[in-house]
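Chemist: The following comprises the amino acid sequence and a computationally predicted model.
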Amino acid sequence: MTAFFLALVLIFLLIVFFSYALQLFHDSRRRLPLGPRPLPLIGNLHQLDRLPHRSMARLAVRHRAPLMSLRLGAVLAVVASSPSAAREALQRRNADIAARSIGDSMRADGHCDNSVLCLPPRRRWRALRRLCATELFSPQRLAATAALRREAVSVLLRRVSDHAVARGGAGKAVDVGAAAHAVALGLLARTMFSGDLDAAAAREVSAIVDEASVLAAGPNVSDFFPALAAADLQGVRRRMARLVKRMYAIVDEQIGKRERGRAAGEARKNDLLDVMLDKVGEVEEESSDGDDMISHDTIRGLFTDLFTGGETTSHTIECALAELLQSPNSMRKVQEELKSVVGTKEQIDESDISNLPYLHAVVKETLRLHPPVPLPPYEAEATVEIQGYTIPKGTKVLINIWAINRCPEAWVEPDKFMPERFLGREINFMGRDFQFIPFGTGRRMCLGLTLAYRMVHLMLGSLLHRPSIQLDITCRG
Ligand code: HEM
């Protein structure tokens, strides 16, 4: 029996050894980007920690590899960590590098088939992006929904002071991140389907988004060894499927309410939900080939994705406050600016934003140091050449926004919080300045940028304009 097991172990080790040797030989003939030498079986996984964008940045510096190959288990990944590597991948080669590399957890319950975050860059993805661009984020729609954002900011201020009172007034810290997240979700609900989430649903959505982002970002054996994905060894896909079902049930309640209202002859609200429900009807009549079809599943998928945008906004507000609390000089400057521009008004208006250059600089500096989406994943749909190296078809391409935003060739004292670096400079986050791409760049650039811009400045500016509350802040990432 023991001899049998020993023989099995030996055979296993021989297979591992030969496939490792074969892989090294194969890689040496392909002109892959440089990178740390992988170990058999696990590749470079042992070199990554809880915050992979940080460990990948360290490896890129150590191996002088702004474009770096890594083996994540059985998966070949290439990481772009410099502005020029990102420019080449997402500008020159964007036609071939615009598909998402999808984590196994995102496939839970078929979510990916209706997710603008995951879909390949083809008709359905384009249809969803177009819908959002015209119905949610266009200048006209944003102007029409300005009152909702104003109301959301006063809810935030009320919540923060209610929490402070409930915790015993001055001197007791308030968890401003949780309050900002809840308010951002409420605002998204009102923008998407003109309805409020009741308190229980709002808490549920917030908990789902939090748990889903932890699951999606955590290490998953299925992602490193796709051949084992069907077994879902860590149960990540199963846990994600439960979250997706709960979220879809919340969206379904809104769809059902609207359909019953329509049947009863209620007036249209002309929001994203109305527009999407019209399209469900149209397509059923026209019978399309299905690729750009809008169905109830598409509405569930899109609304779920958009809800996740709320977390990026509250993360940015939390990190800005955390940095400012450690930088009294910057805190004083931003509060003086707010005092002189906003005066005695309770909260800032959208028309004030363009007159607050120091607040702008604080938001940019926060997004530079703490991008809430630090490592967006792509997949090469064809073999391409970047900076003279070959990126084979199917490679996972990671854009290390965290490392790029701290590139020492582009930024003086890159790890230091210094909003002044943006004053009087034309540098912005629209995806053209490749040393500063917190919203990504290229075809898959953040869809919610215009809304996020307004929400972050309004909420942060209004909180800072009311400085008497002690805030409980942590900035992760
Ligand atoms: C400060 C706030 C935000 C930041 C910094 C941010 C950043 C990003 C980044 C880096 C990406 C990936 C881009 C790429 O792959 O190159 C992204 C994608 C996306 N963002 Fe945002 N985001 C924010 C807020 C929002 C909000 C409020 C929404 C919606 C309500 C939103 C919706 C999306 C969607 C749908 C995508 C996927 C686009 C696609 O794959 O085609 N984001 N975001």
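Modeler: Sure, I can see it. Numbers count the residues shown, from 1 in each chain.
Chemist: Okay, now the unreliable bits of the stretch 201-350 of the chain?
Modeler: Screening the stretch 201-350 of the chain residue by residue with the criterion pLDDT under 70, one finds the ranges 281-292.
Chemist: and the residue of it found nearest the ligand, what is it in contact with?
Modeler: Among the residues of the stretch 201-350 of the chain, Gly309 lies closest to the ligand, at 2.4 Å counting by C-beta to the nearest ligand atom. Every C-beta, even on glycine, is put in place using the N, C-alpha and C of the backbone. The contact partners of Gly309, taken as C-beta atoms under 8 Å, 6 or more residues apart in numbering, are 184, 188, 448, 451-452.
Chemist: Enumerate the positions of whatever helix or strand it lives in that are buried.
Modeler: Element membership of Gly309, judged by DSSP states H and E, is helix 296-325. For helix 296-325, burial by neighbour count (16 or more other C-beta atoms under 10 Å) applies to 296-324.
Chemist: For the protein, which segments count as strands?
Modeler: Assigned by DSSP state E, the strands in the chain fall at 67-72, 75-80, 99-100, 174-175, 377-379, 384-386, 389-391, 396-399, 471-472.
Chemist: The ligand versus the most centrally placed residue in the chain, what's the distance?
Modeler: The central residue of the chain, meaning the one whose C-alpha is nearest the mean C-alpha position (C-alpha atoms, centre = their mean), is Val373 at 4.1 Å. With distances taken as C-beta to the nearest ligand atom, to the nearest Å, Val373 is found 4 Å from the ligand.
Chemist: Which positions in the stretch 201-350 of the chain make contact with the ligand?
Modeler: With C-beta under 6 Å from any ligand atom as the criterion, the stretch 201-350 of the chain meets the ligand at residues 305-306, 309, 312-313, 316.
Chemist: run the last query once more with 8 Å
Modeler: Selection of the stretch 201-350 of the chain residues close to the ligand by C-beta under 8 Å from any ligand atom yields 305-310, 312-313, 315-316.
Chemist: Just send those residues back as CSV, with distance to Val341 too.
Modeler: Putting those into CSV (distance: C-beta to C-beta, whole Å) gives the following:
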residue, distance to Val341
Asp305, 35
Leu306, 31
Phe307, 32
Thr308, 33
Gly309, 28
Gly310, 27
Thr312, 26
Thr313, 22
His315, 26
Thr316, 21
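Chemist: Can you give me the end-to-end span of stretch 113-132?
Modeler: 17 Å (C-alpha to C-alpha, to the nearest Å).
Chemist: again, but for stretch 126-143
Modeler: The distance separating the two terminal residues of stretch 126-143, taken as C-alpha to C-alpha, comes to 24 Å.
Chemist: re earlier: gap between the helix holding Gly309 and the chain center?
Modeler: A distance of 7 Å separates the C-alpha centroid of helix 296-325 from that of its chain, computed with C-alpha atoms, centre = their mean, to the nearest Å.
Chemist: can you check stretch 316-334 too?
Modeler: Stretch 316-334 sits 22 Å away from the centroid of its parent chain (C-alpha atoms, centre = their mean).
Chemist: contacts for it?
Modeler: By C-beta under 8 Å, 6+ apart, the residues outside stretch 316-334 that reach it are 176-177, 180, 358-359, 362-363, 365-367, 369-370, 372, 417, 419, 452, 456, 459-460, 463-464, 471, 473-475, 477.
Chemist: List only those of the residues you listed flagged as buried.
Modeler: Applying a neighbour-count criterion of 16+ other C-beta under 10 Å, the buried members of those are 176-177, 180, 358-359, 362-363, 365-367, 369-370, 372, 417, 419, 452, 456, 459-460, 463-464, 471, 473, 475.
Chemist: In helices, which of those fall?
Modeler: Secondary-structure check on the buried ones among the contacts of stretch 316-334 using DSSP state H: residues within helices are 176-177, 180, 358-359, 362-363, 365-367, 369, 452, 456, 459-460, 463-464.
Chemist: Which ones among those also lie next to the ligand?
Modeler: The overlap between those and the neighbours of the ligand (C-beta under 8 Å from any ligand atom) comes to 367, 452, 456.
Chemist: okay if I get the residues you listed as a markdown table plus pLDDT?
Modeler: As requested, these are exported to a markdown table (pLDDT from 0 to 100):
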| residue | pLDDT |
| --- | --- |
| Leu367 | 98 |
| Ala452 | 96 |
| Val456 | 96 |
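Chemist: For the ligand, state which of these is nearest.
Modeler: The nearest member of these to the ligand, counting by C-beta to the nearest ligand atom, is Ala452 at 3.6 Å.
Chemist: so the closest one touches Cys446, yeah?
Modeler: Yes: A contact is recorded between Ala452 and Cys446 when judged using C-beta atoms under 8 Å, the distance being 7.1 Å.
Chemist: Now do the shared contacts for those two.
Modeler: Overlap between the neighbourhoods of Ala452 and Cys446 consists of Phe439, taking contacts as C-beta under 8 Å, 6+ apart.
Chemist: Return the residues of the stretch 1-150 of the chain in contact with the ligand.
Modeler: Taking C-beta under 8 Å from any ligand atom as the test, the list of the stretch 1-150 of the chain residues beside the ligand reads 90, 100, 116-119, 121, 125, 129, 132, 136-137.
Chemist: OK, contacts around whichever residue of the stretch 151-300 of the chain sits closest to the ligand?
Modeler: Using C-beta to the nearest ligand atom, the point where the stretch 151-300 of the chain gets nearest to the ligand is Leu188, with a distance of 5.7 Å. By C-beta under 8 Å, 6+ apart, the contact set of Leu188 is 306-307, 309-310.
Chemist: One more: Asp49?
Modeler: Residues near Asp49 by C-beta under 8 Å, 6+ apart: Ser55.
Chemist: So what's the gap between stretch 29-49 and the chain middle?
Modeler: 26 Å.
Chemist: And for stretch 387-398?
Modeler: Relative to its chain's centre, stretch 387-398 lies at 22 Å (C-alpha atoms, centre = their mean).
Chemist: List the buried residues of it.
Modeler: When neighbours are counted by 16+ other C-beta under 10 Å, the buried residues of stretch 387-398 are found to be 389-391, 395-398.
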